[in-house]
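*Asks:* Take this sequence and fold it.
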Amino acid sequence: MGEVFDAVRLEWEVLRPDVAHGVYGKTLLADGIKLVLTRVAVGGKFEVHRDSYSHLFYFLSGEGLVWVEGKQFKIMPGLVVRVTTGESHAYENTGNQDLMLISANLPTH
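*Replies:* Numbering: from 1, shown residues only. Purely as a prediction, here's the structure:
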């Protein structure tokens, strides 16, 4: 059965303190594919790391930089980044307001 909920009412949770600081999330879906509304505070970032699953990042607002396999790209609203399983990746907020994105963790088949 479907579900309807107000994401504004969800609590922000600290994400991956082992490789990130200033990064918070609200899990929207956690059934096979995990979707997280992600907020990166000013100066916050995910350090370079690798995961055993793929990602899709869709940036909603704010400014920053994202790296995939050592290549750097400027973050702007509407940017989509696909990260394949095992690829090094990172992102950081370089702006003066929160950086917002939808992060999808995709299982490896």
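
*Asks:* Please name the nearest non-neighbouring residue to residue 23.
*Replies:* residue 15 (4.6 Å; CB to CB, 6 or more residues apart in numbering). C-betas here are computed from N, CA, C, even on glycine.

*Asks:* neighbouring contacts of stretch 3-22?
*Replies:* 23-28, 36-47, 49, 93 (CB atoms under 8 Å, 6 or more residues apart in numbering).

*Asks:* From start to finish, how long is it in a straight line?
*Replies:* End-to-end span of stretch 3-22 (CA to CA, to the nearest Å): 30 Å.

*Asks:* For that stretch, buried residues please.
*Replies:* Using 16 or more other CB atoms under 10 Å as the test for burial, stretch 3-22 gives 15, 20-22.

*Asks:* for residue 85, what are its contacts?
*Replies:* Residue 85 touches 51-54, 108, counting by CB under 8 Å, 6+ apart.

*Asks:* mind running it again at 7 Å?
*Replies:* If a contact means CB atoms under 7 Å, 6 or more residues apart in numbering, then residue 85 has 52-54, 108 as its contacts.

*Asks:* Just the buried ones from the contacts of stretch 3-22, in ChimeraX syntax?
*Replies:* In ChimeraX syntax, the buried subset of the contacts of stretch 3-22 is picked out as below (16+ other CB under 10 Å):
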select :23,24,25,26,36,37,38,39,40,44,45,46,93
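
*Asks:* Which of the contacts of stretch 3-22 fall within strands?
*Replies:* 23-28, 36-47, 49, 93 (DSSP state E).

*Asks:* Which pLDDT does the model give the closest residue to residue 41 other than its chain neighbours?
*Replies:* Leaving aside its chain neighbours, residue 41 sits nearest to residue 22 (3.9 Å; criterion: CB to CB, 6+ apart). The per-residue pLDDT reported for residue 22 equals 98.
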